[in-house]
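>>> Provided below for reference: sequence and predicted model.
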Amino acid sequence: MVDSEAHEKRPTAHPNIFKTRSVTSHVGEMKHYCAAFNNVAITYPVQKVLFRQQLYGIKTRDAVLQLRRDGFRNLYCGILPPLMQKTTTLALMFGLYEDLSCLLRKHISTPEFATRSVAAVLAGTTEAIFTPLERVQTLLQDHKHHDKFTNTCQAFKALKCHGIREYYQGLIPVLFRNGFSNVLLFGLGGPVKEHLPTAKTHSAHLVNDFICGGLLGAMLGILFFPVNVVKTLMQSQISGEFQSFPKVFQKIWLERDRKLTNLFRGAHLNYHRSLISWGIINTTYEFLLKII
């Protein structure tokens, strides 16, 4: 991200989602909410296919057939939690990153890279408070739980009797994913954009922003794919013994014949979904920036 002086003059060397934004601006927050809403609504069916592959280690065709058997009525089952989570955490992530970066620069004399890295990790850690929404989304997407509950309220109530800890199943992989992916997301945004062809028109800027955000999202999606596989399995269970991240990873590794290709089933779909998602987020933001 660039320094706070970018508020006065918007540079074109970095993708716009990585620029400094005023977190007190309600208009800016609304753009993030709208961008995240479009992203989730459009890509949710793809995410659901990906989820089945992560949970059961099956091929794309088999996951699609599962969804067909579930019927169209269940296709968007579980969309409310990601809508609530993504629309909130996206604004929270960028806003906290900016606030924490400014705060750390004022009180700590460290290199810029270190300051921004710490701010990115702290922002990602704060996002983890919304882990219960990811937890409920996982339960609603799993067809094994369709007979137990059909909406978000029922899923939350089902977890309530097991205690607050049950809502935060899978917290460790969420913390790991959020913290380190934020560091790479904010740290690599500028360098990636600088290597793209110089944009001279508004359309060219949008294309560059789509490519930059999409490439970063896709790269991070592949890098942290095994972490999300472990998180998915941890969050698909209700009650029972709380197993550690290494123990669950070992279980998945053995169940999938100790083959890396089986562990990454669905990774290609995740790559394309992330590419589209971050493109939607950035282009929606820029479109709203023009009309609001």
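Sure thing, it's come through.
>>> any idea of the pLDDT on the residue nearest the centre of the chain?
Nearest to the geometric centre of the chain sits residue 86, at 7.3 Å (Cα atoms, centre = their mean). pLDDT, residue 86: 77.
>>> Quick check, it in contact with residue 38.
No. Residue 86 sits out of contact with residue 38 when judged by Cβ atoms under 8 Å, with a separation of 10.3 Å. Quick note: C-beta positions are derived from backbone N, CA and C, even for glycine.
>>> Pull the contacting residues for residue 100.
118-119, 122-123 (Cβ atoms under 8 Å, 6 or more residues apart in numbering).
>>> Which helix or strand contains residue 186?
Following DSSP states H and E, one finds residue 186 within helix 171-194.
>>> Off-centre distance for that helix?
Distance of helix 171-194 from its chain centroid, counting by Cα atoms, centre = their mean, to the nearest Å, is 10 Å.
>>> do the same with stretch 55-62
Chain-centre distance of stretch 55-62: 21 Å, with Cα atoms, centre = their mean.
>>> Ok, stretch 37-47 next?
Counting by Cα atoms, centre = their mean, stretch 37-47 is centred 12 Å from the centre of its parent chain.
>>> Give the rounded mean pLDDT of that stretch.
82.
>>> for it, which positions count as buried?
By neighbour count, with 16 or more other Cβ atoms under 10 Å as the criterion, the buried positions of stretch 37-47 are 37-40, 43-44, 47.
>>> mind listing which of these are in helices?
37-40, 43-44, 47 (DSSP state H).
>>> out of the residues you listed, which one sits closest to residue 98?
In terms of Cβ to Cβ, no member of those lies closer to residue 98 than residue 39, at 20.7 Å.
>>> Contact partners for that closest one?
By Cβ under 8 Å, 6+ apart, the residues touching residue 39 are 86, 277, 280-281, 284.
>>> Same question for residue 248.
Applying Cβ under 8 Å, 6+ apart, we find residue 248 in contact with 230, 233-234.
>>> now these in JSON lines, with secondary structure and distance to residue 146?
Compiled in JSON lines, the contacts of residue 248 are given as follows (DSSP: H, G, I helix; E, B strand; the rest coil; distance: Cβ to Cβ, whole Å):
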{"residue": "230", "secondary structure": "helix", "distance to residue 146": "23"}
{"residue": "233", "secondary structure": "helix", "distance to residue 146": "18"}
{"residue": "234", "secondary structure": "helix", "distance to residue 146": "20"}
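>>> Isn't residue 93 up against residue 123?
Yes. Contact status for residue 93 versus residue 123: in contact at 5.3 Å, counting by Cβ under 8 Å.
>>> With neighbour numbers in mind, choose between those two.
The neighbour count for residue 93 versus residue 123, taken as other Cβ atoms under 10 Å, is higher for residue 123 (25 against 20).
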